[in-house]
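K.L.:
fold the following and give me the result.
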Amino acid sequence: MSTINYSDAYLVNNTDGKYFRCDTVKVASGNAGGRLFSVKPTTDAVLPNGIFGFIGEYVDAEIRELTTPTTALIKSKLPVLIHNPEINYWEISKAQGALGMYRNRKGQVLRAFPLVELDEISLSSDYFDMTGKTGDIAKDDIFVLQPNLVAGTQLKYSATTPTATDAKCYFKVTKVYNSFIPSFIDGTGTRFPNAYKMIDVELVLA
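P.N.:
You can find the predicted model right below:
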């Protein structure tokens, strides 16, 4: 029998300025009695929480495949959300513990939340592909899952509501807000740390 260690993760240098923070704010499967899956990606890549995929076949008695979204899967099935517990045992500095710095190792077994209609997820703004969007992200904007496993390109802006022939579901923005309120002042009188945008989206059936 396999040993599943969901806390086997590490922190990477945030050199690209992307946080990739994901909070499962209103996800039914995360509540008491909800069903979660243990999955292993078929793609060998470092993945942040907040990635969407699809459940595949068993790779052993406890673990299923996490398959990369394809056009066919997007049209026919609801995705799962990857979200391992963000536990950091490396306490070199407080900055290392920031939400969004967490990354899952290549080949790691992941925890997957099956999604249902009206589930809500909170994601930092760097998850969203704004191609075709004029202005900032706003309430009621629509994003459609894309056939890849890359954070920042999976959720693409759509000017129109997709039909059931385009996708099984889409994500609608319900709230846009700052991650926190800057609460410190540095030697120059500037307030810090800088807040980043968080976006709440709900899953809507097409």
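
K.L.:
ok, now which ones touch residue 162?
P.N.:
Listed by C-beta atoms under 8 Å, 6 or more residues apart in numbering, the contact partners of residue 162 are 142, 144, 170, 206. For glycine as for every other residue, the C-beta is placed from the backbone atoms N, C-alpha and C.

K.L.:
for the third one, give me phi and psi.
P.N.:
Here is the backbone geometry of residue 170 (degrees, to the nearest 10): phi -150, psi 170.

K.L.:
what about it, distance to residue 103?
P.N.:
Plainly put, residue 170 is 27 Å away from residue 103 if you go by C-beta to C-beta, to the nearest Å.

K.L.:
any idea how far residue 62 is from residue 77?
P.N.:
Distance, residue 77 to residue 62, using C-beta to C-beta: 22 Å.

K.L.:
meant to ask about residue 203, not that
P.N.:
From residue 203 to residue 62 the distance is 27 Å (C-beta to C-beta).

K.L.:
what about these two, which has more around it?
P.N.:
More crowded of residue 203 and residue 62, by other C-beta atoms under 10 Å: residue 203, with 21 against 13.

K.L.:
and the next helix or strand past the lowest-mean-pLDDT helix or strand in the chain?
P.N.:
Across the helices and strands of the chain, the lowest-confidence element by mean pLDDT, DSSP states H and E is strand 9-11, at a mean of 48. Counting by DSSP states H and E, the next helix or strand C-terminal to strand 9-11 is strand 22-26.

K.L.:
count of neighbours near residue 154?
P.N.:
Neighbours around residue 154, by other C-beta under 10 Å: 23.
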